[in-house]
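sequence and computational prediction follow.
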Amino acid sequence: MRRPTIQIRAARFAAVLVLAVAAAGLGAASSAAVAPAYHTNDRLGKIVPIGSSIPHAEGVMVDRRIVNNLLYLAQKYPIYVVEGYAGPLAGVGEVGCRRCHVKHSDHFNGLAADIVPLYWDGFGCDRSWKPVTRLARWAEPRQNRPRLPFRWVGYNRDYNHGCGNHLHLSWDHAPAKRFELADWVTVFDVPVKPVKPVEPVEPPPPPPPEPVPPPLPPEGREVAAP
Ligand SMILES: [Zn+2]
């Protein structure tokens, strides 16, 4: 017996609908990963301790112009920063691991951070890496095409980086020599927490109407007793 065409069409339509709904769901999921707005920060840089609000390995320092970005990332993702600036620093001595990085690494300018999950046992690519992977995809949705303000993102498919190893984030910056501060650095705009809208003030209710006194009897007229 021939199967009615209309049923096949209906089944196809349903399948397409399911796919469309799934795609819409994916779109909603990735809408959290919208491209960051960014700006150039050309204020004077300085290598500073990363700060206690950002979970980090002992002694990590970065250029202060990326601290706010790292603070925002630490609030959004459970991350632990293991390396920032690497090199000599007046008054401090040797910071970070100079020999751990490639020749023109942004670590030598304090404009890079190496990141691992905050709750990682140190062994392999486990579930704790999921938020770090999300962060990596946000910064670099396509391999070797980081989004500004990031200059280079080292993760999966990059040698010595990736899930189970570490995520490297570099911020775009003016050319600078090793162990020198860049004239400017590009940073993303840290979203401002939405301010609770002020409740509209209701006008006070109008006062109740004054009671109208009963009319006085005409003056001089006696009210006759019944
Ligand atoms: Zn690195």
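Done, it's in.

tell me where this structure has strands.
38-41, 47-49, 61-63, 79-83, 87-89, 93-95, 112-117, 150-154, 167-171, 185-188 (DSSP state E).

any chance of those strands in JSON lines, plus mean pLDDT, mean neighbour count and distance to the ion?
C-betas here are computed from N, CA, C, even on glycine. Formatted as JSON lines, the strands of the chain follow (pLDDT from 0 to 100; neighbours: other C-beta atoms under 10 Å; distance: least, C-beta to the ion, whole Å):
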{"stretch": "strand 38-41", "mean pLDDT": "97", "mean neighbour count": "16", "distance to the ion": "20"}
{"stretch": "strand 47-49", "mean pLDDT": "98", "mean neighbour count": "17", "distance to the ion": "16"}
{"stretch": "strand 61-63", "mean pLDDT": "98", "mean neighbour count": "26", "distance to the ion": "12"}
{"stretch": "strand 79-83", "mean pLDDT": "98", "mean neighbour count": "21", "distance to the ion": "6"}
{"stretch": "strand 87-89", "mean pLDDT": "98", "mean neighbour count": "16", "distance to the ion": "13"}
{"stretch": "strand 93-95", "mean pLDDT": "97", "mean neighbour count": "14", "distance to the ion": "14"}
{"stretch": "strand 112-117", "mean pLDDT": "98", "mean neighbour count": "25", "distance to the ion": "4"}
{"stretch": "strand 150-154", "mean pLDDT": "98", "mean neighbour count": "20", "distance to the ion": "6"}
{"stretch": "strand 167-171", "mean pLDDT": "98", "mean neighbour count": "26", "distance to the ion": "3"}
{"stretch": "strand 185-188", "mean pLDDT": "98", "mean neighbour count": "23", "distance to the ion": "16"}
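
so which of those strands comes closest to residue 72?
strand 185-188 (7.9 Å; C-beta to C-beta).

name the residues that touch that closest one?
36-41, 45, 63, 65-66, 68-69, 72, 111, 148-149, 151, 171-174 (C-beta atoms under 8 Å, 6 or more residues apart in numbering).

now do stretch 160-180
Under C-beta under 8 Å, 6+ apart, the answer for stretch 160-180 is 66, 69, 82, 87-88, 106, 108-109, 111-116, 124-126, 129, 132-133, 135-136, 139, 148-156, 158, 182-187.

end to end on stretch 149-167, go ahead and measure it.
Chord length of stretch 149-167, first to last residue, is 16 Å (C-alpha to C-alpha, to the nearest Å).

now that stretch, how far from the chain's geometric center?
Relative to the mean C-alpha coordinate of its chain, stretch 149-167 is positioned 18 Å out (C-alpha atoms, centre = their mean, to the nearest Å).

quick check: residues of the chain near the ion?
When proximity is defined as C-beta under 5 Å from the ion, the chain approaches the ion at 114, 168.

so which residues of the chain form helices?
Residue ranges of the helices in the chain, as given by DSSP state H, are 5-30, 67-76, 130-139.

least confident of the ones you listed, on average?
Lowest mean pLDDT of the helices of the chain: helix 5-30, a mean of 42.
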